[in-house]
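Trainee: predicted model and sequence below, questions to follow.
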Amino acid sequence: MATAIPIDVKTTDERFDRTATTTCGYCGVGCRLETHASGGRIVSISPALDGPANEGHTCLKGRFAHGFTRSPDRLQTPLIREDGELRPASWEEALDRIVAEVERIKGAHGPDALAGLASSRATNEDCYAMARLMRAAIGTNNIDNCSRVCHSPTSFALRKAFGLSGATGSFTDIDHAEVALLMGVNPTQGHPVVGARIKQAALRGCKLITIDPRRIELADYGAIHLAPRPGTNAAVALGLCHVVRRDGMLDEEFIAARTEGFEAVEELLEGYDPAAVEEVTGIPAADLETAAHIYGEAASGSLLWGLGVTEHKYGSEVVQLLCNLAMMTGKVGKPGSALLPLRGQNNVQGSSDMGALPDTYTAYRSVEDEDVASRFEAAWGAPLSRRKGMTIPQMFDAAVARELKAMYIFGEDVAQTDPDTAHVIAALENLEFLVCQEIFLNETTKFADVVLPASAHLEKEGTFINAERRFQIVEPAIDPPGEARTDFEILGEVSRRLGSETGWDSPWDALDEIARLTPEYSGVSRERLGRRGLQWPVHPDGTDSPTLYDVFFDRPGGRGHFAALPYKEPGDAADGDFPLILVTGRILQHYNAGTMTRRTGNATLVDRDLLEIHPVDAEKLWVKDGDLVSVRSRVGRIEVEAKVTERIEPGHVFTTFHFPETRTNLLVGQSADVNTSCPEYKVIAVDVRPMPEAPAFIPALGDAG
Ligand SMILES: Nc1nc2c(c(=O)[nH]1)N[C@H]1C(S)=C(S)[C@@H](COP(=O)(O)OP(=O)(O)OC[C@H]3O[C@@H](n4cnc5c(=O)[nH]c(N)nc54)[C@H](O)[C@@H]3O)O[C@H]1N2
Ligand SMILES: Nc1nc2c(c(=O)[nH]1)N[C@H]1C(S)=C(S)[C@@H](COP(=O)(O)OP(=O)(O)OC[C@H]3O[C@@H](n4cnc5c(=O)[nH]c(N)nc54)[C@H](O)[C@@H]3O)O[C@H]1N2
Ligand code: SF4
Ligand SMILES: [Mo]
């Protein structure tokens, strides 16, 4: 159990009129930060030396990208659409409009004609309040969050294989691992403080195996890099398992005592010898053998993965295959042997844990479970639907079909970040009523009827849960600007006006309620979280769980489950018309929709999305570094500047989705994970052509800080 230090330990410095210790609101590492403010503006942010995930480090986003908070573009009053334009309105007017429209649509079409999205950028208490608003005040389970387009396959697979939807260990396991195998994850860009931890581990002798179609930075520190064709991870994982078994690296004792279903896997593995795997993946057989021996022979080894695994048609199956690999070698549930999916958003673990999902209440308990539903009914004083709600893609399909009439989108820029932008726009246009609760106008607010001005992570209190399942405290560094209110206040007020009084005075009341209603979080309280947080499950006495499954798995019978899943081809493939495979992802300097980082000094570091292309392809296509190119997929076309680089393999191209001017997601189709409908953002067949004219300059939004 982590020792709690009182939360009011703060620096005192006369240059600042407010200091706070909080948790970073960008990525899922969950760095603890010391904020210093003066005159209502943040002056500086430094790393908390005792932050368990960051131990005195941060990246450039957590430390420096705070200027957006006082950007002149911040939403400071509610907005209402009138004659096609958004105009400023009072809170009364905006809330009245919401209540009138929600009641009208609910009356005419029933509660399932409405849907909501919770923000994984916001706190647990915000997401819990959003789930309560949709379920109790409106009466529908139509609620989802961005985990759908991110790590929902991880959640699905971990629950199937081991029982719980979270990393099995902690970042410190990397320090104790003889080997770290990274599949489809690029931590030096996406989770930089963990990326730095991995580099340090490598310099101390930890052997890295990187598996990525691109030569990511950590490959330069590694023992071996495997570059599979995008979408062939299953064959890679099965090939690794084949060699581990063939060459006697199985942990027979662990398999016998702790698992079930291995026989079916053994049979399946016969078909995946390294030569067969080379055919499918393009990875030289000898390299696959080397990687399997490095991992298989080590006494401890951790597996890390990201969207290069999940955002595929069979993403949830590949995660199950990674679980197989860990169980075959007994590398789970002990120090140095952890499965660490690097969850993306600062609180995507939390938004899902809090039940901002169409099928589950807190801690993944089904909405169809009578006992659970009736406990929430009693607590919330409202009848609750036992019918599963819609996922995000189902919501958009239903809106296109004019069955879904209204959405309440809280902190997600779906018109920029969800796949198949044209389809998303058609859905948003079809809605009779759209509310956006935001900190900036974005691509999605272009379709909103009401926009509510909310607070950023540096302006609110509550808790986030990081990628290690760690609840950590969030404290306000400054107040929200103008008339903006905290997300928690807004959601409580909307609930109240729709007839469902929450009775909460602050997020801490909501946290107490969450703990009361959820056995896995029963020991969580503000006081106990202190400066170091607690990793769930947290028992009633406050003991937490840095390592899961040291004795048994959290499944009926306590055994881990092997899944016998063969390789299947990705949803899209290159052909004569679309000869290249586009992979999309992110870079260090910008964050997802970019609404925040584009309004900081980071925009002077990088001011546009770039298309990475190998010199061989570039030459074939007459493309030079810096040229504007046209990229066409089966569903859309964009224009973007080319960057010629050997980091990418011939036949593949890569770009990001941080700038609305690029509209990368126009290119992404409807193909998605078979179990969770997570989009296949990583395999898009495209045709790239040079453009006749010079690149258009995309002006940076400037540093408001
Ligand atoms: N700076 C920054 N940090 C972020 C974010 C951000 O936007 N900017 N976003 C946050 C969010 S929401 C998330 S979810 C995380 C995501 O963090 P990551 O999971 O690291 O995300 P990506 O960079 O999208 O993809 C990881 C890698 O997968 C590789 N890949 C693609 N296809 C395949 C494949 O078929 N097989 C294999 N083995 N690899 C493949 C890509 O080349 C890429 O290097 O980052 C978080 N942190
Ligand atoms: N092509 C491609 N597309 C992708 C991906 C990819 O790899 N490739 N990755 C996908 C992934 S993993 C994810 S998670 C999604 C992320 O997609 P989004 O969730 O849409 O992206 P974000 O930029 O994190 O921010 C969401 C919005 O929340 C607002 N916001 C931030 N903080 C707060 C807050 O505290 N309160 C309120 N009310 N609003 C707030 C921001 O201004 C922004 O408009 O993108 C997905 N899209
Ligand atoms: S690594 Fe992630 S949590 Fe840490 S400072 Fe950077 S963005 Fe924030
Ligand atoms: Mo994500």
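Mentor: Right, received. Where do you want to start? Predicted, not measured: the structure shown is a model, and the values here were computed from it. Ligands and ions are numbered 1, 2, ... in the order given.
Trainee: ligand 3 contacts on the protein?
Mentor: For the chain, the residues found near ligand 3 under the criterion Cβ under 6 Å from any ligand atom are 24, 26-27, 29-31, 54, 58-59, 61-62, 191-193. Every C-beta, even on glycine, is put in place using the N, C-alpha and C of the backbone.
Trainee: adding neighbour count and distance to ligand 1, write those out as TSV.
Mentor: What follows is the residues of the chain next to ligand 3, written out as TSV (neighbours: other Cβ atoms under 10 Å; distance: Cβ to the nearest ligand atom, whole Å):
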residue	neighbour count	distance to ligand 1
24	31	11
26	23	7
27	27	4
29	29	8
30	32	12
31	30	12
54	26	14
58	23	12
59	26	8
61	22	6
62	26	10
191	28	6
192	21	7
193	24	11
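Trainee: make CSV out of these and add pLDDT.
Mentor: Output for the residues of the chain next to ligand 3, formatted as CSV (pLDDT from 0 to 100):
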residue, pLDDT
24, 98
26, 97
27, 97
29, 98
30, 98
31, 98
54, 97
58, 96
59, 96
61, 94
62, 96
191, 98
192, 97
193, 98
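Trainee: around ligand 2, which positions in the stretch 351-500 of the chain sit nearby?
Mentor: 410-413, 417, 437-440, 442, 454, 456-457, 487.
Trainee: if we can go back for a sec, quick check, nearest of the residues of the chain next to ligand 3 to ligand 2?
Mentor: Among the residues of the chain next to ligand 3, residue 26 lies closest to ligand 2 (Cβ to the nearest ligand atom), at 8.4 Å.
Trainee: look up the closest residue to the closest one, ignoring the ones flanking it.
Mentor: Spatial nearest neighbour of residue 26, chain neighbours left out: residue 61 (4.6 Å); criterion: Cβ to Cβ, 6 or more residues apart in numbering.
Trainee: among the residues of the stretch 351-500 of the chain next to ligand 2, who's most crowded?
Mentor: residue 487 (33 neighbours; other Cβ atoms under 10 Å).
Trainee: in helices, which of the residues of the stretch 351-500 of the chain next to ligand 2 appear?
Mentor: Per DSSP state H, helices hold the following members of these: 417, 487.
Trainee: tell me which two in the residues of the stretch 351-500 of the chain next to ligand 2 are the farthest apart.
Mentor: 417 and 487 (18.7 Å; Cβ to Cβ).
Trainee: return the member of the residues of the stretch 351-500 of the chain next to ligand 2 nearest to ligand 4.
Mentor: residue 417 (8.8 Å; Cβ to the ion).
Trainee: show the contacting residues for the residue in the stretch 301-450 of the chain that ligand 3 sits nearest to.
Mentor: For the stretch 301-450 of the chain and ligand 3, the shortest gap (Cβ to the nearest ligand atom) falls at residue 346, measuring 6.5 Å. Shown in contact with residue 346 (Cβ atoms under 8 Å, 6 or more residues apart in numbering): 23-28, 30, 120-121, 457, 464, 466.
Trainee: got it, and residue 651?
Mentor: Residue 651 neighbours (Cβ under 8 Å, 6+ apart): 229, 574, 579-581, 614, 617.
Trainee: now the buried members of those residues.
Mentor: 229, 574, 580-581, 614, 617 (16 or more other Cβ atoms under 10 Å).
Trainee: coming back round to it: what strand or helix carries the residue nearest to residue 26?
Mentor: helix 60-64 (DSSP states H and E).
Trainee: next secondary structure element downstream of that helix?
Mentor: strand 79-82.
Trainee: packing partners for that following strand?
Mentor: The contact analysis (3 or more Cβ pairs under 8 Å, 6 or more residues apart in numbering; DSSP states H and E) places strand 79-82 against strand 85-88, helix 91-109, strand 450-453.
Trainee: thinking again about what came up before, closest to residue 603 out of the residues of the stretch 351-500 of the chain next to ligand 2?
Mentor: residue 440 (13.7 Å).
Trainee: now render the helices and strands packed on strand 79-82 as CSV, adding mean pLDDT, mean neighbour count and distance to residue 533.
Mentor: As requested, these are arranged in CSV below (pLDDT from 0 to 100; neighbours: other Cβ atoms under 10 Å; distance: least, Cβ to Cβ, whole Å):
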stretch, mean pLDDT, mean neighbour count, distance to residue 533
strand 85-88, 98, 13, 39
helix 91-109, 98, 16, 34
strand 450-453, 98, 25, 29
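Trainee: I'd like those as JSON lines, with distance to residue 662 appended.
Mentor: Rendered in JSON lines, the data for the helices and strands packed on strand 79-82 read as follows (distance: least, Cβ to Cβ, whole Å):
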{"stretch": "strand 85-88", "distance to residue 662": "24"}
{"stretch": "helix 91-109", "distance to residue 662": "32"}
{"stretch": "strand 450-453", "distance to residue 662": "24"}
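Trainee: OK, contacts around residue 306?
Mentor: Counting by Cβ under 8 Å, 6+ apart, the residues that residue 306 touches are 184-187, 190, 341-342, 344.
Trainee: list the ones among these that fall in helices.
Mentor: 187, 190.
Trainee: TSV for the contacts of residue 306, including distance to ligand 1, pLDDT and neighbour count?
Mentor: Shown next, in TSV, are those (distance: Cβ to the nearest ligand atom, whole Å; pLDDT from 0 to 100; neighbours: other Cβ atoms under 10 Å):
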residue	distance to ligand 1	pLDDT	neighbour count
184	3	97	28
185	4	98	28
186	4	96	24
187	6	97	26
190	3	96	23
341	9	98	28
342	6	98	25
344	2	95	25
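Trainee: taking the contacts of residue 306, tell me the two that lie furthest apart.
Mentor: Farthest pair in the contacts of residue 306, by Cβ to Cβ: 186 and 341, 13.6 Å.
Trainee: flag every buried residue along the helix or strand bottoming out on mean pLDDT in the chain.
Mentor: Scoring the helices and strands of the chain by mean pLDDT, DSSP states H and E places helix 602-605 at the bottom, with a mean of 91. Within helix 602-605, the residues scored as buried using 16+ other Cβ under 10 Å are 602-603.
Trainee: tell me how far it is from the chain's mean position?
Mentor: For helix 602-605, the distance from its own C-alpha centre to the chain's C-alpha centre is 23 Å (Cα atoms, centre = their mean, to the nearest Å).
Trainee: from the middle of its chain, how far away would whichever helix or strand comes after that helix be?
Mentor: Using DSSP H and E, the helix or strand that follows helix 602-605 towards the C-terminus is strand 610-613. Its chain's C-alpha centre and that of strand 610-613 lie 23 Å apart, by Cα atoms, centre = their mean.
Trainee: what does the stretch 551-700 of the chain have sitting close to ligand 1?
Mentor: 583, 585-586, 588, 590-592, 682.
Trainee: packing partners for the helix holding residue 61?
Mentor: Partner elements for helix 60-64 (3+ Cβ pairs under 8 Å, 6+ apart): strand 41-47, helix 602-605.
Trainee: is it positioned near ligand 2?
Mentor: No. For helix 60-64, no contact with ligand 2 is found by Cβ under 6 Å from any ligand atom; the gap never falls below 11.6 Å.
Trainee: ok, now stretch 76-93?
Mentor: No. Against ligand 2, stretch 76-93 shows no contacts by Cβ under 6 Å from any ligand atom, the least distance being 12.7 Å.
Trainee: so how far is that stretch off the chain centroid?
Mentor: On Cα atoms, centre = their mean, the centre of stretch 76-93 falls 31 Å from the chain's centre.
Trainee: can I get the CA coordinates of it in CSV?
Mentor: As requested, the backbone C-alpha atoms of stretch 76-93 are provided in CSV (Å, rounded to 0.1, in the frame of the first residue of the first chain):
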residue,chain,number,x,y,z
GLN,A,76,-16.3,32.2,-21.7
THR,A,77,-20.1,32.4,-22.1
PRO,A,78,-22.7,29.9,-23.3
LEU,A,79,-23.6,30.1,-27.0
ILE,A,80,-26.9,29.4,-28.7
ARG,A,81,-27.5,28.9,-32.4
GLU,A,82,-29.9,31.5,-33.9
ASP,A,83,-30.4,32.0,-37.6
GLY,A,84,-27.6,29.6,-38.3
GLU,A,85,-25.0,31.4,-36.1
LEU,A,86,-23.8,30.8,-32.6
ARG,A,87,-24.4,33.9,-30.4
PRO,A,88,-23.6,34.5,-26.8
ALA,A,89,-26.3,33.7,-24.3
SER,A,90,-26.9,33.7,-20.6
TRP,A,91,-26.6,30.4,-18.6
GLU,A,92,-30.3,30.6,-17.9
GLU,A,93,-31.2,30.8,-21.6
